[in-house]
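Trainee: would you be able to build a 3D model of this:
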Amino acid sequence: MGNAFIIKYDYFHSNLSVLQNGKATSQLSQFSRCNNQPFDVWFSELPQYCIAEANNSFSIDFTGGEIHSLILRSIFTSCEQCNSYKFSREIINASHRIKWFNELCLAIHNQSHKLSISISSTITNYSIDKISNNSVFRKLDNTHFIFSDMLDTAVAFSYKSKDYSSDIIISNTDDHIQQLGLNRASNIPQLVIRLSNDSPKFLGVNNNAYFISCDSNSMLSIIRNWMCDFILPSYYLTFQRLLASNSTIQTNHNLKTKCDMLTSTVPYLKLKIDSKIKLGQTIAFEFIKYPEDLKCTISADNQSAASVGKRGTQLFLNPQKEGNYKLVARVKEHPELFTSADFLIYRYINVNSIGFNSLPKQIAVGDTFQIQYTVTPTNAHDRNQVSWEIVPQNKTISFQGGNTFAALKPGKCTVTLRVGKASQSISVTILDAAKDIKFDKSSISVKLGNNSSIITTIVSPPNCAVGTIKYHVSDPSILSFDRVNGQIITKAEGSAVLTAVLLDKSGRLVSDCKCNITVTPPKDIITPDPLSVIALLLLISYILLFSFDTLSNTCGFAFIVVSIISIIKKRSVYTVVSCIISVVILITMLFLRK
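Mentor: Numbers count the residues shown, from 1 in each chain. The predicted model follows:
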């Protein structure tokens, strides 16, 4: 059976990897001479390397460029030890790379490093216009571009001699082919095409000029693959710095991806889908792939849980079962190449009811307040779909965001909260702010021990939001004040000032008032005044001198006079009463004397 060599050549990075009978060859093998070397350095020696490593017959499975394969097929089929040669085409082919390269050139308007390729023909009456079939020439920034259907909008062509340049020569005259190759060959590979009626065939290489024969139908494919396999890799080394530093490329996701894909050997696959999907709701998703014409399959890892559909160019996912799943996109001809995206299918829970917490007791104009609420069930998926409505819209309050409102003017309104499909309303009353405060009296006298006296605090305007009232007693040893009942609680005789201060909600002074309070003795006490004392002494003297007529009469008369004066001056109730009693006693004694 011999040895089987699987050879992969990454021509953009000059990297050759070889598997011999399924195992990687060692770094000491003959193939190590090919690493980091361009194709033209080692391709002719590759059969000898295989012979040296195999020691007998072998088979070749090659993956790389089309022109590379055409050349290797020619030299391996002439090798007796090679039983078979197979070419596995790249997923990303020459058409893809040239198309992306052209888009990148146009995007950055490259002026410093133009790729220059000239196509000439020695065939009579076979012009460039005929080759390109439907070419459109235009001039942009001193650069000539050719957009050709035959090259799938091929690369840019420039006439600048200092640029990287390569020639493609087309001829059908055998006498001219070798001479053309010798005259035009340089350190940059050149392509010489001999038109024939045969399928593409590698004729040989001379002074870096590669000779290939093909029919007219294959010629365009040969040109396209030549540019991709031999021209672009070398030119890209000088071009990639421009791509890496160009802001247009770096900020445009599509161009950035194409820039990365230009040298890639595997396709770009990406799925974009919501991570959470409601059961029963069809949802659109995005699948990005490069190359764009790559055939792929897309399905859920559990196809009974979700199915994939398509309407026009839009892809849809139809969720059918709750759970965690993966959406998988695979390259149809290479199922080992895939990408995936995780998603959750869940059953949607709606808010059933809304409950309000109590509002502040008083809301005044200028206040900012919140309406607190709860929803049931608490794990409802639409619990954040919140909207507020104020009726009537008379600017009584205004919505400030979240659940916060501002009071604008006195009045009533109804606030309706909607969460998902549920709704609930609450009535809001806005009061005018308090502007003034006063006591119902400016001064008052109270008896010590009498705690029934009340002082009423009046806040205006009527039916306003009172705010905060603070009371202060100038001498707490005399009295205290019960702010709840307005009651004066006496402690000792004396005077004190009661002050009330009205504050707004920010603690700023709005208004204040004062009341002078005097605490008097608990009851009237007999206080001997001079007249009462004199009246009493006269009465005693009269009694003691009852037997002495003249002196006794004088004392009795004087007593009556003093008592009358005492009554007239209204010293006290007790003084008047005592004088009346004394008069009664005096009269009685006069009566007894007779």
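
Trainee: alpha carbons only for contacts and neighbour counts from here, please
Mentor: Noted.

Trainee: partner residues bridging the closest residue to residue 370 other than its chain neighbours?
Mentor: Excluding the flanking residues, the one nearest residue 370 by C-alpha to C-alpha, 6 or more residues apart in numbering is residue 404, at 4.4 Å. Beta-bridge pairing for residue 404 (DSSP bridges): residue 370, residue 401.

Trainee: per-residue pLDDT, residue 404?
Mentor: Looking at residue 404, its pLDDT is 94.

Trainee: residues near it, how many?
Mentor: 13 (other C-alpha atoms under 10 Å).

Trainee: from residue 507, how far off is it?
Mentor: 21 Å (C-alpha to C-alpha, to the nearest Å).

Trainee: strands along the stretch 151-300 of the chain, start to end?
Mentor: Assigned by DSSP state E, counting those that start in this stretch, the strands in the stretch 151-300 of the chain fall at 164-171, 190-195, 201-206, 209-214, 268-272, 276-278, 283-290, 296-300.

Trainee: looking at those, which is closest to residue 340?
Mentor: With C-alpha to C-alpha, the closest approach to residue 340 among those belongs to strand 268-272: 6.6 Å.

Trainee: can you point out the buried residues in the closest one?
Mentor: The neighbour-count check on strand 268-272 (16 or more other C-alpha atoms under 10 Å) flags 268-271 as buried.

Trainee: again, but for stretch 513-525
Mentor: 513-520.

Trainee: and of the buried residues of strand 268-272, the nearest to residue 318?
Mentor: residue 271 (15.8 Å).

Trainee: residues in contact with the residue nearest the centre of the chain?
Mentor: Nearest to the mean C-alpha position of the chain, counting by C-alpha atoms, centre = their mean, stands residue 384 at 15.1 Å. Neighbouring residues of residue 384 by C-alpha atoms under 8 Å, 6 or more residues apart in numbering: 419-420.

Trainee: measure it to residue 347 for me?
Mentor: Taking C-alpha to C-alpha, one finds residue 384 at 17 Å from residue 347.

Trainee: likewise residue 520?
Mentor: Residue 520 is 80 Å from residue 347, by C-alpha to C-alpha.

Trainee: then residue 272?
Mentor: Distance from residue 272 to residue 347, by C-alpha to C-alpha: 22 Å.

Trainee: that older thread, can you tell me which of the buried residues of stretch 513-525 are in strands?
Mentor: Members of the buried residues of stretch 513-525 lying in strands (criterion: DSSP state E): 513-520.

Trainee: A strand includes residue 98, no?
Mentor: No. Counting by DSSP: H, G, I helix; E, B strand; the rest coil, residue 98 is not found in a strand; it is helix.

Trainee: pLDDT below threshold where in the stretch 201-350 of the chain?
Mentor: Residue ranges of the stretch 201-350 of the chain with pLDDT under 70: 238.

Trainee: how about the chain?
Mentor: Where the chain drops to pLDDT under 70, the residues are 1, 109-187, 238, 523-594.

Trainee: who touches residue 269 in this structure?
Mentor: By C-alpha under 8 Å, 6+ apart, the neighbours of residue 269 are 287-290, 329, 338-339.

Trainee: sorry, wrong one. I was asking about residue 197.
Mentor: Contact analysis of residue 197 by C-alpha under 8 Å, 6+ apart lists 214-216.

Trainee: now render these as a markdown table, adding distance to residue 418 and neighbour count.
Mentor: Compiled in a markdown table, the contacts of residue 197 are given as follows (distance: C-alpha to C-alpha, whole Å; neighbours: other C-alpha atoms under 10 Å):
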| residue | distance to residue 418 | neighbour count |
| --- | --- | --- |
| 214 | 75 | 20 |
| 215 | 75 | 16 |
| 216 | 73 | 17 |
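
Trainee: how about those in CSV, adding distance to residue 412?
Mentor: Output for the contacts of residue 197, formatted as CSV (distance: C-alpha to C-alpha, whole Å):
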residue, distance to residue 412
214, 92
215, 91
216, 89
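
Trainee: closest one of those to residue 190?
Mentor: residue 214 (16.2 Å).

Trainee: before we move on, back to that, most neighbours of all the contacts of residue 269, which one?
Mentor: Highest count within the contacts of residue 269 by other C-alpha under 10 Å belongs to residue 329, 22 neighbours.

Trainee: all the helices of this protein, residue numbers only.
Mentor: Applying DSSP state H to the chain gives helices spanning 39-42, 46-54, 66-77, 94-108, 128-132, 174-184, 216-226, 232-245, 247-251, 253-261, 530-544, 549-569, 573-593.

Trainee: in the third one, which residues are buried?
Mentor: For helix 66-77, burial by neighbour count (16+ other C-alpha under 10 Å) applies to 66-73, 75-76.

Trainee: try the shortest one
Mentor: For helix 39-42, a neighbour-count test (16+ other C-alpha under 10 Å) marks residue 39 as buried.

Trainee: next one: the second one
Mentor: Neighbour-count burial for helix 46-54, counted by 16+ other C-alpha under 10 Å, picks out 46-47, 49-51, 53-54.

Trainee: centre of the chain to that helix, how far?
Mentor: Relative to the chain's own centre, helix 46-54 is displaced by 60 Å; criterion: C-alpha atoms, centre = their mean, to the nearest Å.

Trainee: most tightly packed of the strands of the stretch 151-300 of the chain?
Mentor: strand 190-195 (a mean of 25; mean count of other C-alpha atoms under 10 Å).

Trainee: just checking, what packs against that strand?
Mentor: On a contact count with 3 or more C-alpha pairs under 8 Å, 6 or more residues apart in numbering; DSSP states H and E, strand 190-195 meets strand 164-171, helix 174-184, strand 209-214, helix 216-226.
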